[in-house]
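Quick one: sequence and predicted model below, then my questions.
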Protein chains: 2
Amino acid sequence: MSRLTLALDVMGGDFGPRITIPASILALEQDPTLELLLFGDSQQITPLLQNSPISIQQRLHICHCQREINNQQGLSYALRHSKGSSMRLAIEAVQKGDAKACVSAGNTAALMGLAKVLLPSLPGIDRPALLSLIPTINNGCSVMLDLGANIECRAENLYQFALMGAIFAENTLNIMYPRIALLNIGIEEIKGYKSIRDAAHLIEGNANLQYVGFIEGNLLLNGVADVIVSDGFNGNIALKTLEGAMMNLMSVLKERSFFAYPRLNRMVSWLVKRFFNNSYQRLAHFNPEQYNGASLIGLNAVVVKAHGSSTVNSFVYAIKDAALQARQAIPNKILIGLEKN
Amino acid sequence: MSRLTLALDVMGGDFGPRITIPASILALEQDPTLELLLFGDSQQITPLLQNSPISIQQRLHICHCQREINNQQGLSYALRHSKGSSMRLAIEAVQKGDAKACVSAGNTAALMGLAKVLLPSLPGIDRPALLSLIPTINNGCSVMLDLGANIECRAENLYQFALMGAIFAENTLNIMYPRIALLNIGIEEIKGYKSIRDAAHLIEGNANLQYVGFIEGNLLLNGVADVIVSDGFNGNIALKTLEGAMMNLMSVLKERSFFAYPRLNRMVSWLVKRFFNNSYQRLAHFNPEQYNGASLIGLNAVVVKAHGSSTVNSFVYAIKDAALQARQAIPNKILIGLEKN
């Protein structure tokens, strides 16, 4: 596999370089064809690299910048004062062709705003959308969008999200003719906002798309649709609710269970393995850490937004997600898919 | 405790009398002061009562009706053709004073529509809302509303929901000065719809209410607010997403775990009890069956909507919920609370 360079805003997220730098080292260890441009404060970055092997250090490049965009800044302030910030420089690296994709755990609104200003939109797409994978109970994944880029959407926006989501699912999940559903508060045709009902007609009217109807929140994990479409407000509420439920239930389980007693004797270990391991493995499939990284799609480049509260492991997932999309040339595939529709 | 009579639409829900009648018997067994008026097709009801003791049969009264409202009927059709239906007659029993509360697992829109037409609204409330309890990680509950009665809301509606939710939490959960949060896609003041931001100012402006800010979906279970307010669309998406996540994760756990092996030897039972029981007990707190029953509040009567897919146990919870609210005279307490604000 040929070399792939990604641009990281290492200052973003609740913990900045303390999370993003160990994650970068781990991602480079796991993927020997990866190179990383690290945009951020070199004084904070350098000490965190000291113990990493030379072979890793050769594949990362510190691009020093003094400014950063924080989460407290409103969108217009952040955009006006973005010049020279780690986030903007990381996006500009993609714009100039120095990197194939960028990743940031920083201010979501600023990342989307800057990406939309600096990177070209795909023709036929009025508004880019945030997309993520969610795990399903049958060990698969569904694609869900929009997750917060557009809080109010017209039917045409939702239709375009459905198109992009379907092409994304075909190319990253290898699903032929993915099933598309619209998130709604009931499955009957009369339910929900007019924009959702109108979007249903638009999707149904396209013979290249497989529309399967409305989906309610309780079936999001059940694999009844490969692509779940909503406006950014409801998508954000649903995704965060899912994440919170999974995190909380897992924390209850881990808190006081066999897994909290690593030194139990062999008999117990055997019992756990025999009777419980399967459930635990299946639960691990729902660990939100693995689904870190919402992609801003509809642009002619790969931009991945990691959670502000990313851990080292989950930031590694976001880097891998960006690498996969860049290698698969997802924006180009969406472009080709849009031309066919 | 004095006798309490409730009116049940026993034809509602996916399974009708096959669920609602066994649930009625169970509820009567568990609560010796309860009497039930069962509105439905006596031909379907009678055989299901045959094996129940006389002492139970004395406290239930079959009110035969030939018509029922089904889930496929649109709201206007359902309302126009509602005369003599089990749902309408159950609400009319409350209207006439024959029963203190009614419970139905039938068509939600029709139930809300009929209740709003037949029962008086509380003064100062423009629109009734659907309210439910949700479990929290610290073994408590939060009150959440609206869950689907009003898909689009103005700031004033959200403010009234906050008021009613706070009074409900004070009286059913015994929480003094409950913490109120608005469901949103971020915690920063600039986030979300204008109606939500305006509602925040209205709630903050009332010194009798304790406003704690916006809440995101991932913290719904964390007990950071006692009352969670949203419009009916977002509330419905969030609640159903929570239910789906909990149901699915629990089914994964139950599928192949110690709990699936009831006859394991004593040694294993002891180990399970010692190391795992606590987690399982805590998980049981999240079982959606216990939170069946959304209440339509803002009316001068108790109306409880049970899940269409209610099981016998969960329909019992809905009956108990209605009985509790009737005994506590919740509508009257909301009325008094509104007059103070």
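That came through fine.

so where is chain A shaky, pLDDT-wise?
Chain A contains residues with pLDDT under 70 at A:1, A:253-284, A:288.

Helices of that one, start to end?
In chain A, the helices defined using DSSP state H lie at A:17-30, A:42-49, A:54-57, A:75-80, A:86-96, A:108-118, A:155-172, A:194-204, A:232-255, A:266-275, A:277-284, A:312-327, A:330-340.

Check which helices and strands the last one is in contact with.
In terms of contacts (3 or more C-beta pairs under 8 Å, 6 or more residues apart in numbering or on different chains; DSSP states H and E), helix A:330-340 is packed against helix A:155-172, strand A:294-297. Yep, even glycine has a C-beta here, placed from its N, CA and C like the rest.

now it and helix A:312-327, what's the angle there?
Here the directions of helix A:330-340 and helix A:312-327 differ by 50 degrees (axes from the mean of the first three to the mean of the last three C-alpha atoms, to 10 degrees).

How many residues are close by the residue of the stretch 51-200 of chain A found nearest chain B?
Nearest residue of the stretch 51-200 of chain A to chain B, counting by C-beta to the nearest C-beta: A:Ile185, 4.2 Å away. For A:Ile185, the number of neighbouring residues by other C-beta atoms under 10 Å in any protein chain shown comes to 25.

Repeat that for A:Asp231.
28.

Report the contact partners of A:Ile91.
A:Ala7, A:Cys102, A:Leu111, A:Leu114, A:Ala115, A:Leu118, A:Leu119, A:Val303 (C-beta atoms under 8 Å, 6 or more residues apart in numbering or on different chains).

what do you get if the cut-off is 10 Å, keeping everything else the same?
When contacts are counted by C-beta atoms under 10 Å, 6 or more residues apart in numbering or on different chains, A:Ile91 touches A:7, A:9, A:39, A:82, A:85, A:99, A:102, A:104, A:111, A:114-115, A:117-119, A:301, A:303.

try A:Gly84
A:Cys65, A:Gln66, A:Arg67, A:Glu68, A:Glu92.

repeat that for 7 Å
A:Cys65, A:Gln66, A:Arg67 (C-beta atoms under 7 Å, 6 or more residues apart in numbering or on different chains).

Once you drop chain neighbours, what's closest to the last one?
Counting by C-beta to C-beta, 6 or more residues apart in numbering or on different chains, the nearest residue to A:Arg67 once its immediate chain neighbours are dropped is A:Ser85, at 4.3 Å.

pretty sure the one you found contacts A:Gln73?
No - using C-beta atoms under 7 Å, A:Ser85 is not in contact with A:Gln73, being 10.0 Å away.

of the two, who's got more company?
A count of neighbours by other C-beta under 10 Å puts A:Ser85 above the other of A:Ser85 and A:Gln73, at 26 against 19.

I'd like the distance between the closest residue to A:Ala105 other than its chain neighbours and A:Leu26.
Of all residues not flanking A:Ala105 in the chain, A:Gly13 sits nearest, at 3.1 Å (C-beta to C-beta, 6+ apart). Distance from A:Gly13 to A:Leu26, counting by C-beta to C-beta, to the nearest Å: 15 Å.

Export the helices of chain A to JSON lines and append columns for distance to A:Gly217.
Shown next, in JSON lines, are the helices of chain A (distance: least, C-beta to C-beta, whole Å):
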{"stretch": "helix A:17-30", "distance to A:Gly217": "31"}
{"stretch": "helix A:42-49", "distance to A:Gly217": "41"}
{"stretch": "helix A:54-57", "distance to A:Gly217": "43"}
{"stretch": "helix A:75-80", "distance to A:Gly217": "28"}
{"stretch": "helix A:86-96", "distance to A:Gly217": "32"}
{"stretch": "helix A:108-118", "distance to A:Gly217": "22"}
{"stretch": "helix A:155-172", "distance to A:Gly217": "17"}
{"stretch": "helix A:194-204", "distance to A:Gly217": "14"}
{"stretch": "helix A:232-255", "distance to A:Gly217": "6"}
{"stretch": "helix A:266-275", "distance to A:Gly217": "32"}
{"stretch": "helix A:277-284", "distance to A:Gly217": "20"}
{"stretch": "helix A:312-327", "distance to A:Gly217": "24"}
{"stretch": "helix A:330-340", "distance to A:Gly217": "27"}
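
out of the ones you listed, nearest to B:Gly192?
helix A:232-255 (7.1 Å; C-beta to C-beta).

Give the other helices and strands that that closest one contacts.
Other elements packing on helix A:232-255 under the criterion 3 or more C-beta pairs under 7 Å, 6 or more residues apart in numbering or on different chains; DSSP states H and E are strand A:129-135, strand A:141-145, strand A:179-183, helix B:232-255, helix B:277-284.

Report the buried residues of stretch A:310-327.
A:310-312, A:314-326 (16 or more other C-beta atoms under 10 Å in any protein chain shown).

Ignore what I typed, I meant stretch A:104-119.
Result for stretch A:104-119 [16+ other C-beta under 10 Å]: buried residues A:104-116, A:118-119.

Now for the nearest residue to A:Ile190 once chain neighbours are set aside, how many residues are close by?
In space, and not counting its chain neighbours, A:Ile190 is closest to B:Gly74: 5.6 Å by C-beta to C-beta, 6+ apart. By other C-beta under 10 Å, 14 other residues sit near B:Gly74.

how much space between B:Gly74 and B:His307?
From B:Gly74 to B:His307 the distance is 21 Å (C-beta to C-beta).

do the same with A:Thr311
From A:Thr311 to B:His307 the distance is 36 Å (C-beta to C-beta).

gap between A:Asp98 and A:Glu35?
Relative to A:Glu35, and taking C-beta to C-beta, A:Asp98 is found at 10 Å.

shared neighbours, those two?
In contact with both A:Asp98 and A:Glu35: A:Thr5, using C-beta under 7 Å, 6+ apart.

got the residues of the stretch 1-150 of chain A near chain B?
Within reach of chain B by C-beta under 7 Å from any C-beta of the partner chain, the stretch 1-150 of chain A has these residues: A:Gly74, A:Ile137, A:Gly148.

unless I'm mixing things up, the first one is touching B:Ile190, no?
Right, the one you point to is A:Gly74. Yes - A:Gly74 lies in contact with B:Ile190 (C-beta under 7 Å); the separation is 5.7 Å.

how about the helices of chain A, which one is nearest A:Asn292?
Across the helices of chain A, closest to A:Asn292 is helix A:312-327 (C-beta to C-beta), at 3.8 Å.

hmm, who's touching that closest one?
Looking at what lies outside helix A:312-327 - C-beta under 7 Å, 6+ apart - the contacts are A:4, A:6, A:19-20, A:22-23, A:26-27, A:31, A:34, A:100-101, A:103, A:105, A:172, A:289-290, A:292-293, A:295, A:302, A:304, A:306-307, A:310.

Can you go through the residues you listed and name the buried ones?
Going by neighbour count (16+ other C-beta under 10 Å), the contacts of helix A:312-327 have A:4, A:6, A:19-20, A:22-23, A:26-27, A:31, A:34, A:100-101, A:103, A:105, A:172, A:289-290, A:292-293, A:295, A:302, A:304, A:306-307, A:310 buried.
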